[in-house]
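Visitor: Give me coordinates for this.
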Amino acid sequence: MITGRKQDKGGYKGKTGLVLNVDREANRILVEGINMVTKHTRVGQTDKGGKTGGIIVAEAPIHISNVALIDPTSKKATRIGARLETKTVEGVKKTVRVRVAKKSGKDI
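Guide: From the prediction side, this is the model:
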């Protein structure tokens, strides 16, 4: 799970939250506490007599281009780069791609 995304644009600009879901096909992301919408659902009854439905406030997905990862050192939005490292595991050399924050150069 990816954590620490920051909103770049819109009414929630500058807000941060945990990523709840990523829809790679639609390029949409669901961030906790960001893009809250009010849904009105029909009120019904359960088998035990309790009521379901009513007004529900939930997160709505936003486009992935409107969020950015947070730099681990400066706690500000940053772009992502990649660095290739060679590691030796049990005598076999492997090339591993490591994600790096552009602002600080630290691994993410």
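Visitor: Quickly note the distance from the residue most central in space within the chain to residue 26.
Guide: Most central in the chain under C-alpha atoms, centre = their mean is residue 19, positioned 3.0 Å from the mean C-alpha point. Distance, residue 19 to residue 26, using C-beta to C-beta, to the nearest Å: 15 Å. All C-beta atoms are positioned from the backbone trio N, CA, C, and that covers glycine.
Visitor: ditto for residue 20
Guide: Relative to residue 26, and taking C-beta to C-beta, residue 20 is found at 15 Å.
Visitor: Same question for residue 104.
Guide: For residue 104, the distance to residue 26 - C-beta to C-beta - is 31 Å.
Visitor: between these two, who's got more neighbours?
Guide: Neighbours per residue (other C-beta atoms under 10 Å) separate residue 104 from residue 26, with residue 104 holding more: 14 against 10.
Visitor: The more buried one: helix or strand, and which one exactly?
Guide: Residue 104 is part of no helix or strand when elements are defined by DSSP states H and E.
Visitor: Test my guess that it contacts residue 72.
Guide: Yes. Checked against C-beta atoms under 8 Å, the pair residue 104 and residue 72 is within contact range at 7.2 Å.
Visitor: next helix or strand past the worst-scoring helix or strand of the chain on mean pLDDT?
Guide: Least confident helix or strand of the chain, by mean pLDDT, DSSP states H and E, is strand 5-7 with a mean of 63. Per DSSP H and E, strand 5-7 leads on to strand 16-17 as the next helix or strand towards the C-terminus.
Visitor: so where do the strands sit in the chain?
Guide: 5-7, 16-17, 19-23, 28-31, 36-45, 51-59, 62-63, 67-70, 77-78, 80-89, 92-101 (DSSP state E).
Visitor: Which of those strands has the highest mean neighbour count?
Guide: Most buried of those, by mean neighbour count (mean count of other C-beta atoms under 10 Å): strand 5-7, with a mean of 22.
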